[in-house]
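Q: This is a predicted model, with the sequence first.
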Amino acid sequence: MSALPKVGEALPELIIPITPTRIVSGAIASRDYQDVHHDVPAAREKGSPDIFMNILTTNGLVGRYVTDWAGAEARILKIAIRLGVPNYPGDTMTLTGSVASVGEDGAVEVAIRGANQLGNHVTGTVTLKGLGE
């Protein structure tokens, strides 16, 4: 990115297929061994229809989404997200975002949303610096 973005600028959407492999590998990579992220019978026993994505995987996907847009020089200062509905195998999560603010110090806050057919899986903001450098 060669210049600071403008407030309201939309990020291109990112469509992420939610597969069992993505859910399980994300849980393993983040060392989250809770059975609801890899064991279907255990997840069902606890009231879920299937395994579901953990927050650390969601957080990583949000970071990837924003830094892919912002470029290699950008640095994430803060990610503040809230989970909503689960991401189950077979879902498709669509990440969208827009520039919420640009500070005098060059900090850029991006509002993000990741939704699937059940509703919002994740909402929040990501603050970055180093854009336009």
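A: Nice, I can see it.

Q: I'd like to know which elements the longest helix belonging to the chain is packed against.
A: Scanning the chain for the longest helix, with DSSP state H as the assignment, gives helix 55-70. Under the contact definition 3 or more Cβ pairs under 8 Å, 6 or more residues apart in numbering; DSSP states H and E, helix 55-70 sits against strand 10-17, helix 20-29, strand 75-83, strand 92-102, strand 108-116, strand 119-129. All C-beta atoms are positioned from the backbone trio N, CA, C, and that covers glycine.

Q: Switch the ones you listed over to TSV; also include mean pLDDT, mean neighbour count and distance to H37.
A: Shown next, in TSV, are the helices and strands packed on helix 55-70 (pLDDT from 0 to 100; neighbours: other Cβ atoms under 10 Å; distance: least, Cβ to Cβ, whole Å):
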stretch	mean pLDDT	mean neighbour count	distance to H37
strand 10-17	98	14	16
helix 20-29	97	16	4
strand 75-83	97	14	13
strand 92-102	98	17	16
strand 108-116	98	20	17
strand 119-129	98	19	15
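
Q: got the ones you listed as CSV, with distance to P49 columns?
A: Below are these laid out as CSV (distance: least, Cβ to Cβ, whole Å):
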stretch, distance to P49
strand 10-17, 18
helix 20-29, 13
strand 75-83, 17
strand 92-102, 17
strand 108-116, 14
strand 119-129, 15
